[in-house]
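Asks: starting from these lines, generate the structure:
(one chain, ligands or ions: 1)
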Amino acid sequence: MDLFTDLPEGFEQISIPDKPAKGAWSIDIEQVAKATQLLGIELPIKIRYQGKGIFTAGTHYIRPYMHFVALLQTLPLDKANKTLWHELAHAMQAERWSRETGRDICSHYREEYKVASGSWGFSYGGNRLEIEANGIAKAQSHWKLLYGDYYASSS
Ligand SMILES: [Zn+2]
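Replies: Reported below is the predicted structural model:
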């Protein structure tokens, strides 16, 4: 199967929750579509909220054959916007790796991400893919993928 041309029928390119997040923001699907174009992301993306009790502000997983992004819905708007950029950067990294290596994108976490964490054990902050994702999130943070009251959440 050619990942980037033979998508199964019925896959929506981008899917988002149908309600605003508890943090009083909503996802701007058109801006997300533009951002994925900029990043060269070709697979569909499903964005969902996650509740409290999860350790991170956001998560990116690969599902055959799509990206799954979960955002902590209680985040303030600015933080949520940056987090979404960060997770989209991970989607970009996974596709880039798959294109460059010819490997199945579902193996990305095991074959590139975990290796990038270092042989001495799991390192989040020192992982070059995390550093790259943080850099992209910082550089793009003025670009709003979410709508809501940015003034009220300027923390
Ligand atoms: Zn990350």
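
Asks: and the contacts of stretch 100-115?
Replies: 3, 43, 61-62, 64-65, 93-95, 97-98, 122, 127, 129 (CB atoms under 8 Å, 6 or more residues apart in numbering). For glycine as for every other residue, the C-beta is placed from the backbone atoms N, C-alpha and C.

Asks: sort out for me which of those residues are in strands.
Replies: Residues of the contacts of stretch 100-115 located in strands (DSSP state E): 61-62.

Asks: where does the protein dip in pLDDT?
Replies: 1-11, 53-55, 118-125, 150-155 (pLDDT under 70).

Asks: need the residues of it near the ion, please.
Replies: Contacts of the chain with the ion, taken as CB under 5 Å from the ion, map to 130, 133.

Asks: on that earlier part again, widest-spaced pair of the contacts of stretch 100-115?
Replies: 3 and 122 (27.4 Å; CB to CB).

Asks: give me the more crowded residue out of those two.
Replies: Neighbours per residue, other CB atoms under 10 Å: of residue 3 and residue 122, the larger number sits with residue 3, 17 against 9.

Asks: in what helix or strand does residue 37 lie?
Replies: helix 29-39 (DSSP states H and E).

Asks: so which residue is dead centre in the protein?
Replies: Most central in the chain under CA atoms, centre = their mean is residue 87, positioned 2.3 Å from the mean C-alpha point.

Asks: mind telling me what element that residue is part of?
Replies: helix 77-101.

Asks: in that helix, what's buried?
Replies: 77-98 (16 or more other CB atoms under 10 Å).

Asks: again with stretch 110-120
Replies: Counting neighbours by 16+ other CB under 10 Å, the buried set in stretch 110-120 is 112-113, 116-117.

Asks: among the residues you listed, which pair sits farthest apart?
Replies: So, the buried residues of stretch 110-120 by CB to CB: farthest apart are 112 and 117, at 10.0 Å.

Asks: just to check, residue 89 is in contact with residue 132?
Replies: Yes: using CB atoms under 8 Å, residue 89 makes contact with residue 132 at a distance of 6.6 Å.

Asks: which neighbours do the two share?
Replies: By CB under 8 Å, 6+ apart, no residue touches both residue 89 and residue 132.
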